[in-house]
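[1] Predicted model and sequence follow; I will ask about them next.
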Amino acid sequence: MKIMSGWSLIRIATILVYLFLFAPVAVVILLAFNANQFGGFPIEGFSLRWFDALWNNDAIVRAFKTSLLLGLLTSAVSTTLGTLAALAMVRYDFPGKRTISTLLVAPILIPEVVLAVALLLFLQFLSMPKSFGLLLMGHVVFTLPFVVLVVQARLVSIRRDVEEAAMSLGATPIQTFFEITLPLMLPAVMAGMLFSFTISFDDITGTLFWKPGGVETVPTQIFAMLRNSISPEINALGAVMVIFTIALPLVAASVSRVLSMRKIRASNRASNRSEQTA
Amino acid sequence: MAADIAGERRAPWVLLSPSLATVGLLLIIPMLFIVVYSFWLRTATGADQVGFYLDNWIEVLGDRFYRDILFQTFAIAFYTTVICAFIGYIPAYFVANTPMKSKAFLLLMLMLPFWISYIIRTMSWINILGTSGALNTLFLSIGIIDEPIQMLYNQTTVVLGLVHYLLPFMILNVYVSLDGIDKNLTEAAQSLGCTGWQAFREVTLPLSMPGLAAGSLLCFVLAAGTYITPIVLGGPRDAMFANLVFEAIVTQLNWPLGSALSLVLLALLGVLVVIYTRYLGVDQIAKSFK
């Protein structure tokens, strides 16, 4: 009986910790729909006016576009580089592998402020002004280690025999890569893309150092708005961000599940057919 | 055949070269550059005087102001890490030992905070603790207080914000090491006469230490490098070291001084990382990505 009560205490504590993690965010979403014009309690009724205000706020719409473009470019570059590096790390043994591995993960271990300062000052020294390009470079360096780790972890499970089978059946290395390796790697690559997009989309510390004057991303825009006071618009923007960043991975996960289900069904059908013909 | 082997040997380097070039050009060289830069001097005219001057370092290491803020930064990071370790261990233990079905759900919920923007999670506390926030509204309506009380903008709220931000890192790292423990070990300990608590203390806790250490390192390093949280949730006296760096570089435009300041932060946190990797290896941190 004593063990039971110990376990239920642990369960209650766990529920409390989860509440601690999510309650404040839930309140942001709740207040985004509040009609109260000062962006706080009490709740005065349901309203969509703050979302409407967002839509008509040019600065916010511009920030959203900047974030989106930056996130997409970062994710494209970072995933390409990171996937190639992850392939090398998983598939080959070579001298100095441990050092390389540490080097690739290094940006995670360096405080973001230091990383931001170093890159900013170096490029200023080369007389390159703050620009969108600097933002992109910064975000790529910052997201690359995450892509390498995420893709590497998922690549390990792809068996090499399948490729060897394709090659022994006469496929060229390039054919093998595009028809066997790439489709098998796709979930890993997608995970890497999603990771780097979200990290880039959410980044604020580095972005504040790197962004040219007048350019805002969504997080820096929220930060700038917070300096005045909390407004219902910020809560609405927060709600949009939360829905956007949570919906994205969920949609991606279900898309990849549908795709793999379809693949399984297709292969089942193929094997049924071959059985029938046999 | 010889060409094949040479190709095989070259292949990983071809694959690695874009990433290594990126890290080298945009990280390693800039880092080396700020080391050199920190010995230059920013003159009153705004031009840099190239040379080997110790002025920035003497200012950074000698000035009480910087030392106090450095101390405060490490204190905040320390409180944050300890609190995360204590309140993070319990849910990690629960998730690791719960039946399969709810486990997947709980893990998914643990991943969610990583997808929710840091600035939103930080500012969300204003809605809870602010003068027109949830708690004040509740207390007013019950009648405990007559006027809203200011709970925000002090060191405690900075730590609170950081705990809220970093707790998932801790839980996930501890979970990974708890999940890897062979359940037979605790059962064996109990069948040999240990109480449940003893089995936990003697078997489970020591075996989960690598995860706890990895989580603590992450929490500490991320907390000590924070720039946003003290601005959003702290008062004027709660500046942390990263705020000084930003001030020196973006506001005062004293780049050599800013370089020296950021190197101090890097060196102190670097010592921690080196001690950690010396004993446990980077692999532990990489594990939580699987």
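    Structure received.
[2] and the strand or helix carrying A:Asp161, average pLDDT?
    Under the criterion of DSSP states H and E, A:Asp161 resides in helix A:160-168. Mean per-residue pLDDT for helix A:160-168: 83.
[3] Can I get it as CSV, trimmed to CA atoms?
    C-alpha atoms of helix A:160-168 as CSV (Å, rounded to 0.1, in the frame of the first residue of the first chain):
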residue,chain,number,x,y,z
ARG,A,160,23.5,-0.6,-46.0
ASP,A,161,22.6,-4.0,-47.5
VAL,A,162,19.7,-2.6,-49.4
GLU,A,163,22.0,-0.3,-51.3
GLU,A,164,24.5,-3.0,-51.9
ALA,A,165,21.7,-5.2,-53.2
ALA,A,166,20.6,-2.5,-55.7
MET,A,167,24.2,-2.0,-56.9
SER,A,168,24.8,-5.8,-57.2
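[4] Return the set of buried residues in it.
    For helix A:160-168, burial by neighbour count (16 or more other Cβ atoms under 10 Å in any protein chain shown) applies to A:Glu163, A:Ala166. The way it works is simple: take the backbone N, C-alpha and C, and place the C-beta from them, glycine included.
[5] pull the helix or strand with minimum mean pLDDT from the chain.
    Using chain A here. Of all the helices and strands that make up chain A, helix A:232-277 has the lowest average by mean pLDDT, DSSP states H and E, namely a mean of 75.
[6] Sorry, I should have been clearer: chain B.
    Going by mean pLDDT, DSSP H and E, chain B bottoms out at helix B:283-287, a mean of 61.
[7] sorry, back to before: elements contacting the helix holding A:Asp161?
    When contacts are defined as 3 or more Cβ pairs under 8 Å, 6 or more residues apart in numbering or on different chains; DSSP states H and E, helix A:160-168 packs onto helix A:173-176.
[8] Next, the buried residues of the helix it packs on.
    Applying a neighbour-count criterion of 16+ other Cβ under 10 Å, one finds A:Thr176 buried in helix A:173-176.
[9] Looking at that helix now, give me its mean pLDDT.
    The pLDDT scores in helix A:173-176 average 84.
[10] Give the next helix or strand downstream of it.
    Following helix A:173-176 in sequence order, the next helix or strand is helix A:182-202 (DSSP H and E).
[11] Which SSE is immediately downstream of that next one?
    Downstream of helix A:182-202 (by DSSP H and E), the next one is helix A:205-210.
[12] Can you get me the centre-to-centre distance for that following helix and its chain?
    Taking Cα atoms, centre = their mean, to the nearest Å, one finds the center of helix A:205-210 at 18 Å from the center of the full chain.
[13] List of residues touching it?
    Helix A:205-210 is contacted from outside by A:112-113, A:115-117, A:119-120, A:130, A:134-135, A:138-139, A:142, A:217, A:219-220, A:223, B:225, B:227-228, B:242, B:246, B:249-250, using Cβ atoms under 8 Å, 6 or more residues apart in numbering or on different chains.
[14] before we move on, what about stretch B:174-186?
    For stretch B:174-186, the external contacting residues (Cβ under 8 Å, 6+ apart) are B:88-89, B:92-93, B:95-97, B:107, B:110, B:199-200, B:203-204, B:207-212, B:214-215, B:284, B:287-288, B:290.
[15] how about that stretch: buried residues?
    Buried, per 16+ other Cβ under 10 Å, within stretch B:174-186: B:Val174, B:Tyr175, B:Val176, B:Ser177, B:Leu178, B:Asp179, B:Ile181, B:Thr186.
[16] farthest-separated two in those residues?
    B:Val176 and B:Thr186 (17.5 Å; Cβ to Cβ).
[17] Count the residues that sit near B:Leu212.
    Number of residues near B:Leu212 (other Cβ atoms under 10 Å in any protein chain shown) recorded here: 19.
[18] Quick one, grab the pLDDT at it.
    For B:Leu212, the pLDDT comes out at 92.
[19] Make sure it is actually in contact with B:Ala85.
    Yes - look at B:Leu212 against B:Ala85 with Cβ atoms under 8 Å: they come within range, at 6.2 Å.
[20] Nearest the middle, which residue of chain B would you pick?
    Chain B has B:Leu222 as the residue nearest its centroid, 1.9 Å off, counting by Cα atoms, centre = their mean.
[21] separation between that one and B:Tyr79?
    Distance, B:Leu222 to B:Tyr79, by Cβ to Cβ, to the nearest Å: 14 Å.
[22] Compute the number of surrounding residues for B:Glu8.
    11.
[23] what about stretch A:50-65, distance to the chain center?
    For stretch A:50-65 - counting by Cα atoms, centre = their mean - the centre lies 22 Å from the chain centre.
[24] try stretch B:162-182
    Using Cα atoms, centre = their mean, the offset of stretch B:162-182 from its chain centre is 13 Å.
[25] was I right about B:Leu257 contacting B:Asp63?
    No - B:Leu257 is beyond contact range of B:Asp63, at 10.6 Å (criterion: Cβ under 8 Å).
[26] Between these two, tell me which one has more neighbours.
    Legend: neighbour count by other Cβ under 10 Å for B:Leu257 and B:Asp63, higher for B:Leu257 (25 against 11).
[27] Check the gap between that one and B:Gln72 for me.
    According to Cβ to Cβ, B:Leu257 stands 19 Å off from B:Gln72.
[28] again, but for A:Pro111
    Counting by Cβ to Cβ, the gap from A:Pro111 to B:Gln72 is 16 Å.
[29] the more surrounded of these two?
    A:Pro111 (24 against 18).
[30] show me the contacts for that one.
    Applying Cβ under 8 Å, 6+ apart, the residues contacting A:Pro111 are B:Val221, B:Leu222, B:Ala224, B:Gly225, B:Ala242, B:Ser262, B:Leu265, B:Leu266, B:Leu269.
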